[in-house]
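A.B. asks: The amino acid sequence is not available; the structure is as follows:
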């Protein structure tokens, strides 16, 4: 009775069914959802924090599912009645795989979040709620263009590597995970801001440089002889790991040298600070399947053209490069 005490009837309006939830009195799915959602979700600006074009459309769809707790982690699969033999997190094998654990509190992903925070020298405690992370992240670094991409890139990268572990028996390597996440960050940033003149490979190595995007950078490889620069070439490396980039550089260097006028004047000696690339070329049976085709091609060129490929420590390589550029033997 208390609900109708303050209701005023009017003879000029016909009776009708009205929706008392959020909205304009007419029922809609949106107004129904807003009536049941939590206060934090009701104030969450989806167009600003999820559907904002900072990530590919399928990633934005994934983020929307993640915010609603509908990503198919093992805890969620159990709720759906799907039998799961092992409910532990596939990355750390220590705790049950829930949304909060997999994306925020797992020791593996915690290290990934920490590495990005340290790049900008930020120290903070992360929430285990995706909505809170997406809604508050930009306030940690207001004057950075690339900073706002990071939570989307990290969350998607975690999900991708999780699926690699579950479905392809991939071994978790935190260094590779950090590199691949930075690589994805650079690609998404440059896709959103195509006029920014930053070399993608340099951006992968140092994402902070996007906050100082005033110069154009080029990665170069140089061929020396008797401390004299013979030639320089630069090529886009494209997607992949640092080892793949080194193999591409070796292959391109061979092609470049033997198409030059110096091919008949001396012997080509290639020094690389990537031990894996050198070892795989000398013993191709140890080469991972992903790199086998390129390694075989490099090995065939080395054998046919009497090329020397040898490994040197990175510190020596940097010093030799410096001395050669200065004209010191």
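C.D. replies: That came in fine, so what should we check first? Because the structure is a prediction, the values reported are computed rather than measured.

A.B. asks: what are the ranges of the strands in the stretch 151-300 of the chain?
C.D. replies: 221-225, 228-233, 269-272 (DSSP state E, counting those that start in this stretch).

A.B. asks: Out of these, which gets the lowest mean score?
C.D. replies: The stretch with the lowest average pLDDT out of those is strand 221-225, scoring a mean of 51.

A.B. asks: For residue 65, which non-adjacent residue is closest in space?
C.D. replies: The spatial neighbour of residue 65 that comes closest, neighbours along the chain excluded (Cβ to Cβ, 6 or more residues apart in numbering), is residue 71 at 5.3 Å. For the C-beta atoms, the positions are set from N, CA and C on the backbone; glycine is no exception.

A.B. asks: try residue 104
C.D. replies: Distances taken as Cβ to Cβ, 6+ apart place residue 128 nearest to residue 104, at 4.4 Å, with adjacent residues excluded.

A.B. asks: okay, the one you found: pLDDT?
C.D. replies: 87.

A.B. asks: Equivalent analysis for residue 47, please.
C.D. replies: According to the model's per-residue confidence, residue 47 sits at a pLDDT of 75.

A.B. asks: For residue 244, see how far away it is.
C.D. replies: From residue 47 over to residue 244 the distance is 38 Å, taken as Cβ to Cβ, to the nearest Å.

A.B. asks: need the contact list for the closest residue to residue 144 other than its chain neighbours.
C.D. replies: With Cβ to Cβ, 6+ apart as the criterion, residue 144 has its nearest non-adjacent residue at 5.1 Å, and that residue is residue 211. Contacts for residue 211 were tallied using Cβ atoms under 8 Å, 6 or more residues apart in numbering; they are 143-147.

A.B. asks: what do you get if the cut-off is 10 Å, keeping everything else the same?
C.D. replies: Residues in contact with residue 211, defined by Cβ atoms under 10 Å, 6 or more residues apart in numbering, are 120, 141, 143-147.

A.B. asks: what does residue 73 give?
C.D. replies: The neighbours of residue 73, taking Cβ under 10 Å, 6+ apart as the test, are 66, 79, 84, 87, 89-90, 96-103, 159, 162.

A.B. asks: Any stretches of the stretch 151-300 of the chain with poor pLDDT?
C.D. replies: 213-241, 290 (pLDDT under 70).

A.B. asks: returning to that earlier point: which SSE is the residue nearest to residue 65 in?
C.D. replies: When secondary structure is defined by DSSP states H and E, residue 71 falls outside every helix and strand.

A.B. asks: if I pick the residue lying closest to residue 189 once chain neighbours are set aside, what's in contact with it?
C.D. replies: The shortest distance from residue 189 to any residue other than its chain neighbours is 5.1 Å, reached at residue 146 (Cβ to Cβ, 6+ apart). With contacts taken as Cβ under 10 Å, 6+ apart, residue 146 has the following neighbours: 120, 153, 185-186, 188-190, 192-193, 196, 198, 203, 207-211, 213.

A.B. asks: now with 6 Å?
C.D. replies: For residue 146, the contacting residues are 189, 207, 210, by Cβ atoms under 6 Å, 6 or more residues apart in numbering.

A.B. asks: Looks to me like the residue nearest to residue 104 is in a strand.
C.D. replies: No - with DSSP: H, G, I helix; E, B strand; the rest coil as the criterion, residue 128 is assigned coil and is not in a strand.

A.B. asks: Give me the phi and psi for it.
C.D. replies: Main-chain dihedrals, residue 128, degrees, to the nearest 10: phi -100, psi 20.

A.B. asks: measure it to residue 102 for me?
C.D. replies: If you measure residue 128 against residue 102 using Cβ to Cβ, the figure is 10 Å.

A.B. asks: coming back round to it: so what does the residue nearest to residue 189 have for phi and psi?
C.D. replies: Backbone phi and psi, for residue 146 under degrees, to the nearest 10, turn out to be phi -80, psi -20.

A.B. asks: now it: how far from residue 199?
C.D. replies: Distance, residue 146 to residue 199, using Cβ to Cβ: 14 Å.

A.B. asks: Now a ChimeraX select for only the buried ones of the contacts of residue 73.
C.D. replies: Provided next is the ChimeraX selection string for whichever of those are buried by 16 or more other Cβ atoms under 10 Å:
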select :66,89,90,97,98,99,100,101,102,103,159,162
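
A.B. asks: Need the worst-confidence member of the contacts of residue 73.
C.D. replies: Minimum pLDDT across the contacts of residue 73 is recorded for residue 84, with 87.

A.B. asks: Spit out the contact partners of that residue.
C.D. replies: Residue 84 makes contact with 74, 77-78, according to Cβ under 6 Å, 6+ apart.

A.B. asks: can you do 10 Å?
C.D. replies: By Cβ under 10 Å, 6+ apart, the contact list for residue 84 reads 73-78, 97.
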